[in-house]
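A.B. asks: make a model of this:
(4 chains)
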Number of protein chains: 2
Amino acid sequence: MAKKPKRPTYSEIAKLAGVSEATVSRVLNGDDKVDAERIKAVTEAVETLGYKKNRAAAALASGRTGLIAVVIDDDLSVFQDPFWGTITNGISRVLMENEMQTLLLVAPLDKLDSPVAQYLQRGEVDGVIFLQLQKDSLIKKLAKQNFPLVVNGTPHSSNPFAYVDSDNAGGAYAAVEHLVNQGRSCIAVITGELNNTAAEQRLDGYLAAIKSFEKRESKSLIATGNWSRESGYELAKKLMGKNPDLDAIFCSNDIMALGAIAAIQEAGKSVPEDIAVIGFDDSFLAQNSHPGLTTVRQDIVGLGMEAAKMILAILRGEEVHSEILPCELVIRATA
Amino acid sequence: MAKKPKRPTYSEIAKLAGVSEATVSRVLNGDDKVDAERIKAVTEAVETLGYKKNRAAAALASGRTGLIAVVIDDDLSVFQDPFWGTITNGISRVLMENEMQTLLLVAPLDKLDSPVAQYLQRGEVDGVIFLQLQKDSLIKKLAKQNFPLVVNGTPHSSNPFAYVDSDNAGGAYAAVEHLVNQGRSCIAVITGELNNTAAEQRLDGYLAAIKSFEKRESKSLIATGNWSRESGYELAKKLMGKNPDLDAIFCSNDIMALGAIAAIQEAGKSVPEDIAVIGFDDSFLAQNSHPGLTTVRQDIVGLGMEAAKMILAILRGEEVHSEILPCELVIRATA
DNA sequence: CGTTTCCGTGAAATCGCTTTCACGAAACCC
DNA sequence: GGGTTTCGTGAAAGCGATTTCACGGAAACG
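C.D. replies: Model (predicted):
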């Protein structure tokens, strides 16, 4: 099967460098209390022999595997969404630079004793990054056990675990601000499902902006959607019906924005002349829409990179604080 | 950091089952030449102790890591594409069922001595699945070394490695057949970049169908695109210009199809009344387009699952043959 | 019935690295 | 200056499986 070129081991390095294997280990693991000369000798020996550590052996001896699990919930059409691919890219990049590997765990998370749950608690990985926190019972359990973990997305209550998230509220605020600057005065919002913190935060950003720019506030300008194109379409219709002077809609994601645009155009109005529309995510959909959808972009790779950095910090025993990354308004044709 | 509930080892199992550790190993690794009674005893002991194998130890002793790498090229906007997330899902599922883990390697593959290349050859994984084979120098090298690998996508020449792919030609054929059945007679094609085997195969399928249904064949009906919306838009314009009686376009992906539709509508014609359009991929884009895009769906999860099964078979030392999965025509509004 | 082959089994070596422990030398203290 | 710390170092004991090897009994042979 595989060839056997017999890779060098500590034994050879130790011999060549004229030190003990223990010292080789110390040097290779960055233990500082080693004589500079020996460090140099070992480093050179490693170099000339082309030594690469055997991870399995290291893992067995140390109990640390060098693996970080990225857990993705299996259900849903999660996989239609390029989001997780992008964030995983960011994670993987940072981990690789730090000699750690990314282990992908795709599985349903509902049950506390699911294979994944067991796997994680079995010490097969050093830490875990959750890409979604809807079903957080497992996360809570692990957090309670003090298992190194980082979550993507803001948790509901003041949970005890570190997380990374985009500045959803800030992004929404910027979107509304842009609409205001364009002279829009009757600005509506179509939210996502409100049991979701991202949806909440985007709504909060909208509300904060409306208040701070003293635009019209009204229940009739707030429509609760469910992220789907359908809901964007229907709710835009409703909003237009209730508010004849409506001149802008901020949608909590791109897909709903596209639905809303369809509804507006069907009603014989034009975008953005009559009604401006802004989405959220800057998804592939937004990038390939016509007219080009103005939207709020998240730094998804950045989220992944931050998450990875945080888990590494946790493993080093450092105190970590959650990170909120800024969003960027991408102005195209619809607003 | 982590707790120490001291997991059971072979030693405990052996004691409880009244056999040697060697026998425990034999049972747990499916060696058949063990007395049925002892197998039962060991199995029960494993059960009552809740034993789970320590992978690091197994890896060290056996030289097999239980890890399969999934390699994705880092450059490009690969990550905008949900494709790889979906296929990885399929891979992961099958591997998990077989007690193997999915290791994600995201990295540039151009150089033969890139970190990833080194990593793979270092025996840190048992096998590898490549999700893209543009830059196949590394793949060829590994294949030459007899390293267990599977590739997604049809390789150019008769390369010596196993691959999985969708039946691109068959899907294209079905699309054209559908157009023919609808009474279309002047059917054009917009291809992808032709250095790409998928683009080639889709074109081949188109050509085969045109020939077999005896529709008009002409260079002027074949436009070479580059997968982008822009190229779909421009080429559709050109095709309409050259062929006044054009009544259908088959596009090699959804994005170009969307571009083509825009061009057609701009020219004052309607889809599908005047000109029918079919895409390829059934991407998120297609699923959320209006009017609904008729397109060809690949079984992407299936590709992943097949790839995983193949690598497992290779590891078992079995002979494997490449797999071509059928595509399915998804009929919506545009054709 | 004696001899040879076959087979299931356990003892023990091994995989390559980490880490504890103890030791001698150097540095510190009063 | 004697005694105590501190510090760098190497020997050696694991880590928890796998796998080779040799043994003894059963089966097969002549």
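
A.B. asks: where does the stretch 151-300 of chain A have low pLDDT?
C.D. replies: For the stretch 151-300 of chain A, the stretches flagged by pLDDT under 70 are A:158.

A.B. asks: close to DNA strand D: what parts of it are there?
C.D. replies: Taking Cβ under 7 Å from any atom of the strand, no part of the stretch 151-300 of chain A reaches DNA strand D. Where you see a C-beta, it was placed from the backbone N, CA and C, and this is true even at glycine.

A.B. asks: the residue of the stretch 151-300 of chain A found nearest DNA strand D: neighbouring residues, count only.
C.D. replies: Residue nearest to DNA strand D within the stretch 151-300 of chain A: A:Phe161 (27.5 Å; Cβ to the nearest atom of the strand). A count of neighbours around A:Phe161, defined by other Cβ atoms under 10 Å in any protein chain shown, yields 21.

A.B. asks: ok, A:Met100 next?
C.D. replies: Neighbours of A:Met100 under the rule other Cβ under 10 Å: 23.

A.B. asks: ok so, going back, right, and the residue of the stretch 151-300 of chain A closest to DNA strand D touches A:Leu149 too?
C.D. replies: Yes. In this structure, A:Phe161 is within contact of A:Leu149 by Cβ atoms under 8 Å, at 6.0 Å.

A.B. asks: ok so, going back, give me the pLDDT value at the closest residue to the residue of the stretch 151-300 of chain A closest to DNA strand D other than its chain neighbours.
C.D. replies: Nearest residue to A:Phe161 in three dimensions, chain neighbours excluded: A:Ala143, at 4.5 Å (Cβ to Cβ, 6 or more residues apart in numbering or on different chains). Looking at A:Ala143, its pLDDT reads 89.

A.B. asks: give me the secondary structure label for A:Ala143.
C.D. replies: helix (DSSP: H, G, I helix; E, B strand; the rest coil).

A.B. asks: ok, it - contacts?
C.D. replies: Residues counted as contacts of A:Ala143 (Cβ atoms under 8 Å, 6 or more residues apart in numbering or on different chains) are A:149, A:159-161.

A.B. asks: DNA strand C versus that one, what's the distance?
C.D. replies: Going from A:Ala143 to DNA strand C by Cβ to the nearest atom of the strand, to the nearest Å gives 24 Å.

A.B. asks: cool, and A:Glu328?
C.D. replies: 42 Å.

A.B. asks: count the neighbours of that residue for me.
C.D. replies: A:Glu328 has 14 neighbours, counted by other Cβ under 10 Å.

A.B. asks: thought it was touching A:Arg297?
C.D. replies: Yes. Using Cβ under 8 Å, A:Glu328 is in contact with A:Arg297, at 4.7 Å.

A.B. asks: picking that back up, identify the contacts common to A:Phe161 and A:Leu149.
C.D. replies: Common neighbours of A:Phe161 and A:Leu149 (Cβ under 8 Å, 6+ apart) are A:139, A:143.

A.B. asks: filter the contacts of A:Ala143 down to just the ones in strands.
C.D. replies: Within those, residues falling in strands by DSSP state E are A:Leu149.

A.B. asks: pick the one among the contacts of A:Ala143 closest to chain B.
C.D. replies: Using Cβ to the nearest Cβ, A:Leu149 comes nearest to chain B of these, at 11.6 Å.

A.B. asks: separation between the closest one and A:Leu105?
C.D. replies: Distance check for A:Leu149 against A:Leu105: by Cβ to Cβ, to the nearest Å, it reads 12 Å.

A.B. asks: then A:Arg202?
C.D. replies: As judged by Cβ to Cβ, A:Arg202 and A:Leu105 stand 29 Å apart.

A.B. asks: these two: which is more packed in?
C.D. replies: Set A:Arg202 next to A:Leu105 and count neighbours by other Cβ under 10 Å: A:Arg202 wins out with 30 against 24.

A.B. asks: part of a helix, is that one?
C.D. replies: Yes. Under three-state DSSP, A:Arg202 falls within a helix.

A.B. asks: and the residue of the stretch 51-200 of chain A found nearest DNA strand D, its phi and psi?
C.D. replies: Relative to DNA strand D, the nearest point of the stretch 51-200 of chain A is A:Ala61 (3.6 Å; Cβ to the nearest atom of the strand). Backbone torsions for A:Ala61, taken as degrees, to the nearest 10, come to phi -70, psi -40.

A.B. asks: just to revisit the earlier point, filter the contacts of A:Ala143 down to the buried ones.
C.D. replies: A:149, A:161 (16 or more other Cβ atoms under 10 Å in any protein chain shown).

A.B. asks: which residues in chain A form helices?
C.D. replies: Secondary structure of chain A (DSSP state H): helices at A:10-17, A:21-28, A:36-49, A:55-62, A:82-97, A:115-121, A:137-144, A:168-181, A:197-212, A:229-242, A:254-266, A:284-287, A:300-315.

A.B. asks: can the fifth one be said to contact chain B?
C.D. replies: Yes. Looking at helix A:82-97 against chain B by Cβ under 8 Å from any Cβ of the partner chain, the contacts come from A:82, A:84-86, A:88-89, A:92-93, A:96.

A.B. asks: of these, which is the most crowded?
C.D. replies: Highest neighbour count within the residues of helix A:82-97 next to chain B: A:Thr88, with 28 neighbours (other Cβ under 10 Å).

A.B. asks: what sits against that one?
C.D. replies: A:70, A:102, A:104, A:131, A:304, B:104, B:106.

A.B. asks: among those, which are located in strands?
C.D. replies: Cross-referencing the contacts of A:Thr88 against strands under DSSP E gives A:70, A:102, A:104, B:104, B:106.

A.B. asks: residue of the stretch 51-200 of chain A closest to DNA strand C, please.
C.D. replies: Closest point on the stretch 51-200 of chain A to DNA strand C, by Cβ to the nearest atom of the strand, is A:Ala61, at 3.0 Å.

A.B. asks: B:Glu214 versus that residue, what's the distance?
C.D. replies: Distance, A:Ala61 to B:Glu214, by Cβ to Cβ: 71 Å.

A.B. asks: for these two, indicate the residue with more neighbours.
C.D. replies: Taking other Cβ under 10 Å, A:Ala61 and B:Glu214 do not tie; A:Ala61 has more neighbours (12 against 8).

A.B. asks: contacts only, for A:Met256.
C.D. replies: Contact analysis of A:Met256 by Cβ under 8 Å, 6+ apart lists A:190, A:192, A:225, A:227-229, A:231-232, A:235, A:279.

A.B. asks: what of A:Leu142?
C.D. replies: When contacts are counted by Cβ under 8 Å, 6+ apart, A:Leu142 touches A:120-121, A:128, A:149.

A.B. asks: what does A:Leu246 give?
C.D. replies: By Cβ under 8 Å, 6+ apart, the contact set of A:Leu246 is A:186, A:188, A:221, A:239-240, A:275.

A.B. asks: would you mind giving both backbone torsions of it?
C.D. replies: Reported as degrees, to the nearest 10, the phi and psi values for A:Leu246 are phi -50, psi 130.

A.B. asks: list the contacts for the nearest residue to it once chain neighbours are set aside?
C.D. replies: Take A:Leu246 and drop its neighbours on the chain: the residue closest to it by Cβ to Cβ, 6+ apart is A:Cys186, 5.1 Å away. Residues in contact with A:Cys186 (Cβ under 8 Å, 6+ apart) are A:215-216, A:221, A:243, A:245-248.

A.B. asks: any chance of a ChimeraX selection covering the buried ones in the residues you listed?
C.D. replies: Selecting only the buried entries of those in ChimeraX, with 16+ other Cβ under 10 Å as the criterion:
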select /A:215,221,243,246,247,248
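
A.B. asks: give me the buried entries from the contacts of A:Leu142.
C.D. replies: Neighbour-count burial (16+ other Cβ under 10 Å) applied to those gives A:120-121, A:128, A:149.

A.B. asks: and the furthest pair within those residues?
C.D. replies: A:Gln121 and A:Leu149 (11.5 Å; Cβ to Cβ).

A.B. asks: all set now, cheers.
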